[in-house]
Structures are given as C-alpha cells and as structure tokens.
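Colleague: sequence unavailable; structure follows:
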C-alpha cells in the first residue's frame, strides 16, 4: 500500500478504500533539487515553520484522504532538516493525529543506512534518530498519541462520494482537486469550510449512486474536553493543544504569556522568539492530579559548524559536525496542582536527574523558572498527593 492513497486523486482513494487500511505520506518543505535530483551540494528548503502556514501545512492533504471505517496510517512523515523550526515536528503531528483519531504515524527515517548506531550529528534531511528536534519530543508525542492524552475531536465531517461519479470527478478536478485546502475541488464544492481540516475529524465514504458529493456532519459529546488552536499570523503564529493530561505550545512565543488551562507559560523574549514546549503527564492523569509530569522545551538543535548560504535555505554539503547542540529558552511555568509536595528536576540526555530546579508550591499552584543555563531540554516534576 505504501502511501498510495495520494496516487490517483479521488480514484486513488477509491482504490485504497478496498484495501485493509489506507496509508499516506507527507513532508513539510521537502528539499528541492533545482538541477540534478538528489545533488548533495545543490539543494534548498523553505526553512519556515509550518505553524505560519495559513493553509494548514501538511494536515489537509493528509486528513482529507482518510476513508471512513478503515484504519489510517501515515507511514512517512518529517519536517526536513536543517529546517530551523523543526522542533515543531513531533508535537504537532502527534496532537493532530490524535485529534483526527488516526491509527499510526511514523517518521522517515530512523538510521536508514543501518550502520552507525552511535552517530552524534544530524546526518541529512530525514535522519530523525540523530536529530534532537525530533527525538527530544518523542516521549511527549508518544504520551499524546499512543497513551491517549489527546482525545479525538467530537466533530466529524464525512465527504460522501457516489461511486458512479468518481470517473467524472477525476476528469473534472484532476489528481489533486478533491482535497485542495483552499476550499476548491470536490471537498470545497461539497461545502468544506476552510478550517474544517482542524475543527473536525475528516473522512471519505463511497456510496451508491451518481449524485454530487456532499458532506455530512456529526457532533457528539465527549467525556474529556480538549482543543486545538492554530493561529497563522506571521511572527505571531502559534499552535496550541490543551487536554487534561497534556499541553502543547508551538510558535513565536517569546515575550508572551500563553494560557493553557491548568498551565501557563511566560516565555522570555529571545532573538528568534521561537519555542516548542510540551507538558505531559507520564502517569496519564490530569495535570492537577498527576505525580509524574514531563516538561520538554526547545528552540532548535543543529550541528556545530553548519554553514548556511546567504538566503538561509541551504547548507550545501556543509552540514557541520557533532555533537549536536540544542538551544532552549528561558520561561516561567505555572501548573495548577493538588499536590502536597513537588520537586522539579532537570534531566540529561538519558533521562537522568542532574540538578534540582527551584520552585514554589502554594495556593494550588506550582511555579518554577527554566533557563538555557540548566543545560536541559527535559524536566521532571515529581509530586506527592
């Protein structure tokens, strides 16, 4: 099946609807090779954050290929290195995949050459295993997606496509016309609203007949309230997720206070003002009741000596050397808690506690400051109730 849902437009989706499951691939700003394919020196990337894209980046193309009633996987996904905003990769895809109730997400690739398992530098566009932008957020992403800290959306948008109309629809709309996120093509003609890709679980159903496709909508109550928010507004762009056991804030957060329900982030101004921050309950409880909370924070990570061109969209073959350097941000974090005691620890790259971070607990609030001087992208909150 190998990502075939996107091969053939609406006809490809009909074909894959007859398989055991439906699979897709997507990359944010895949490298471009202007002259010779896969030229190691002559390439460029967009090097912008996906949260700044008002069209939803990779999400509409993925979501609008799902077939109702079939498992849906994304077996290749990545934000290609050396994108300087790649810390957004794992939290944003995990949050959205959970919200859409997908069945599997995979990064491409993990040690693709199967040789050196001790590499200490980012080796190329897709080497997720050596890229802290991706790997540092894997624990949080697993809790959000696999452990169910982010529940699925209560709203559904189902595009009902009569099978006898598929050939005509394909001829009229071409290969990509059925999913276009700018409210064109088949989805748009049927009534797709521009933000339906974020607000609703999307899927396609093939029905009998030859009428025009139409969208049916369903909204049900869910026991666990949760929300996603995407504000693509230039240097104010931000993506947030709030669920009882997890919080995510991604974007240009510097100089702002971000309220996330039972947690708030007061992020100091930095030269880039960019940050990705996740707060996840390792014991899968709501944050106020949790005894084990993981905080992950990063601005960016890159090789030492990486040499950018003037446009800052390529490093040619000058990827630099290891070990990779990770950059974090200063911030004050406040979490609502029912804990009687709480201790904050900075963790090293193996998850081992390295130092205790000063914190205050009172009035049902735990507050502490994090700083690049902590030399940590992971922090552990150990509480007793």
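Modeller: Yep, that arrived. Quick caveat: nothing in here was measured; it's all calculated off a predicted structure. Numbers count the residues shown, from 1 in each chain.
Colleague: how about low-confidence regions in this structure?
Modeller: Low-confidence segments of the chain (pLDDT under 70): 1-3, 179-184, 194-195, 222-223.
Colleague: looking at this, residue 97 is in a strand?
Modeller: No - under DSSP: H, G, I helix; E, B strand; the rest coil, residue 97 sits outside any strand and is assigned helix.
Colleague: list the contacts for it?
Modeller: By C-beta atoms under 8 Å, 6 or more residues apart in numbering, the contact set of residue 97 is 74, 105, 145. Any C-beta I mention is one placed from the backbone N, CA and C, and that applies to glycine too.
Colleague: residue 105 in helix, strand or coil?
Modeller: strand.
Colleague: does it touch residue 95 like I think?
Modeller: No - with contact defined as C-beta atoms under 8 Å, residue 105 does not count as touching residue 95 (10.8 Å).
Colleague: now the contacts of residue 97 in JSON lines, with neighbour count and distance to residue 36?
Modeller: As requested, the contacts of residue 97 are exported to JSON lines (neighbours: other C-beta atoms under 10 Å; distance: C-beta to C-beta, whole Å):
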{"residue": "74", "neighbour count": "23", "distance to residue 36": "29"}
{"residue": "105", "neighbour count": "21", "distance to residue 36": "32"}
{"residue": "145", "neighbour count": "22", "distance to residue 36": "38"}
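Colleague: any chance of these in JSON lines, plus distance to residue 84?
Modeller: Formatted as JSON lines, these follow (distance: C-beta to C-beta, whole Å):
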{"residue": "74", "distance to residue 84": "23"}
{"residue": "105", "distance to residue 84": "23"}
{"residue": "145", "distance to residue 84": "25"}
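Colleague: OK, contacts around residue 138?
Modeller: Contacts of residue 138 by C-beta under 8 Å, 6+ apart are residue 90.
Colleague: phi and psi next, for it.
Modeller: Note on residue 138: its backbone torsions stand at phi -60, psi -50 [degrees, to the nearest 10].
Colleague: relative to residue 335, how far out is it?
Modeller: 22 Å (C-beta to C-beta, to the nearest Å).
Colleague: residue 68 now?
Modeller: From residue 68 to residue 335 the distance is 38 Å (C-beta to C-beta).
Colleague: ok, now residue 42?
Modeller: 48 Å.
Colleague: now residue 117
Modeller: 37 Å.
Colleague: what does residue 40 give?
Modeller: Applying C-beta to C-beta, the value for residue 40 to residue 335 is 46 Å.
Colleague: looking at the two, which one has more neighbours?
Modeller: residue 335 (27 against 11; other C-beta atoms under 10 Å).
Colleague: what kind of secondary structure is that one in?
Modeller: Residue 335 ends up strand, using three-state DSSP.
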